[in-house]
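Fold the following.
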Amino acid sequence: MHEMSIALAVIDQVETAAAQHTGVTAVRSVRLKVGELAGVVPDSLTFCFELACAGTLLEGAELVTEEVPGRARCTPCAREWAVGMPPRLNCPGCDGSAVELLAGRELQITDVRWESGDPAAREPISEES
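Reported below is the predicted structural model:
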């Protein structure tokens, strides 16, 4: 299940970004663009993300996936179409096979929402038992 490795990579990237901002206390949501042709099952990715977030800054964060439909353009006749699944990679206009994929392979973090607090405003933890 490669969705787990994708979830782990997303968590790593978000934690790295959070570390560059002072006082991030929690991540509330992560939004991803997932292309129809990326070979990712969004429900499986969400399941893996929830499991992988346990014990991290992202624990309890919501993963929001935005599916990007596959689109292609025929080089000879310039016609564009939705490729669908399974993908149609021959031009529906001229049946040409010189095709450029325009969209549908995306797998990118587009937004992260986190909470931050002022560390100086926190009360120190008592060392007394």
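
what about the helices in the chain?
For the chain, the helices defined by DSSP state H occupy 2-19, 42-53.

check contacts around the residue nearest the centre of the chain.
Centroid-nearest residue in the chain: Leu32, 2.8 Å away (criterion: C-alpha atoms, centre = their mean). Listed by C-beta atoms under 8 Å, 6 or more residues apart in numbering, the contact set of Leu32 reads Val10, Leu45, Leu63, Val64, Thr65, Glu66, Leu107, Gln108, Ile109, Thr110. Backbone N, C-alpha and C define where each C-beta goes, glycine included.

Report the beta-bridge partners for the closest residue to the fourth one other than its chain neighbours.
Once flanking residues are discounted, Val64 sits nearest to Arg31: 4.6 Å by C-beta to C-beta, 6 or more residues apart in numbering. On the basis of DSSP bridges, Arg31 takes part in beta bridges with Val64, Asp111.

list the contacts for Arg31?
Arg31 makes contact with Val64, Thr65, Glu66, Ile109, Thr110, Asp111, Val112 under the criterion C-beta under 8 Å, 6+ apart.

how about those in CSV, adding pLDDT?
As requested, these are arranged in CSV below (pLDDT from 0 to 100):
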residue, pLDDT
Val64, 97
Thr65, 96
Glu66, 96
Ile109, 96
Thr110, 95
Asp111, 95
Val112, 95
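
Phi and psi next, for Gly23.
Torsion angles at Gly23 (phi, psi; degrees, to the nearest 10) stand at phi 80, psi 20.

Now do the closest residue in space to it that isn't next to it in sequence against Ile11, distance only.
Spatially, and ignoring its direct neighbours in sequence, Gly23 is nearest to Ser116 (4.2 Å; C-beta to C-beta, 6+ apart). Noted for Ser116: a distance of 18 Å to Ile11, by C-beta to C-beta, to the nearest Å.
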